[in-house]
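Sequence and predicted model, in that order:
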Amino acid sequence: MKILLSLLLALAPCFVCMAQTNHMQWNTAIEAFESSDRADPPPQNAVLFIGSSSIEHWKSVAADFPEVKVINRGFGGSELGDSTYFADRIVKPYHPRAIVLYAGDNDLYNGHTPQQVRDAFSAFVSKVRSFDPGVTIAFVSIKPSMARKMLLPKIKQANELVREYASTQKNVAYIDVFTPMLGADGQPQPKWFIEDGLHMNRTGYALWIGLLKPWVDTHGR
């Protein structure tokens, strides 16, 4: 029994990760995107913003980057692997000029390792490049939220691994929002977030706009 218990405890993180690979839980959200695309076809050669709730909640993203065409395909709660899984449906049809990706936050929260976050981003790049070889991609670093302060060491490690990976790839950028969002004490700051301490307020998005705008304007036109 002791041996069995030890094995179950050792495998517990794996079971958590396996539970999160149910990509079809997001199918309703993807179908809503497809329905919207049929009713009002999005622009080709736009900048595609994709990923989890930080993208989904960014309702003003098109107005915030007026110099370029923008498509928002964020779906809250998703992991990096979900964007890869649905890329044939919410990336490929748009033939985007550039992609801004924010995800990985939920991966770590759901028990994935920093190395798995890096590998999941690499898989996204490979998937997208399989049908759009020349598209440029920016990974927005995982933010230091108040609600997930306990994950700060893993967030730092995941961000560094992604940054290192991006530096070895052509037309793949790492955009650091993590460092500017920390306080002088190196800790997450409440001023960027709404009451839940996880999702950003307008001040947080204003910071992101300033950090992303040079890359978006350069690669989106």
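Looks like it came in fine.

just how off-centre is stretch 162-180 within its chain?
Centroid separation for stretch 162-180 versus its chain: 13 Å, with C-alpha atoms, centre = their mean, to the nearest Å.

Where does the prediction get shaky in this structure?
1-21 (pLDDT under 70).

what ranges do the helices span in it?
Remark: helices assigned in the chain by DSSP state H are 2-19, 27-39, 53-56, 61-64, 80-85, 87-90, 105-109, 114-131, 152-167, 178-181, 202-219.

want to throw these into CSV with distance to F193 and mean neighbour count?
For the C-beta atoms, the positions are set from N, CA and C on the backbone; glycine is no exception. As requested, those are exported to CSV (distance: least, C-beta to C-beta, whole Å; neighbours: other C-beta atoms under 10 Å):
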stretch, distance to F193, mean neighbour count
helix 2-19, 25, 10
helix 27-39, 23, 13
helix 53-56, 11, 22
helix 61-64, 18, 15
helix 80-85, 22, 25
helix 87-90, 27, 17
helix 105-109, 13, 22
helix 114-131, 21, 19
helix 152-167, 15, 18
helix 178-181, 9, 17
helix 202-219, 6, 16
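
Adding distance to I71, write these out as a markdown table.
Listed next are the helices of the chain as a markdown table, based on distance: least, C-beta to C-beta, whole Å:
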| stretch | distance to I71 |
| --- | --- |
| helix 2-19 | 30 |
| helix 27-39 | 9 |
| helix 53-56 | 11 |
| helix 61-64 | 8 |
| helix 80-85 | 13 |
| helix 87-90 | 9 |
| helix 105-109 | 21 |
| helix 114-131 | 14 |
| helix 152-167 | 22 |
| helix 178-181 | 25 |
| helix 202-219 | 12 |
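
Wait, K213 touches P66, no?
No. Using C-beta atoms under 8 Å, K213 makes no contact with P66, being 10.4 Å away.
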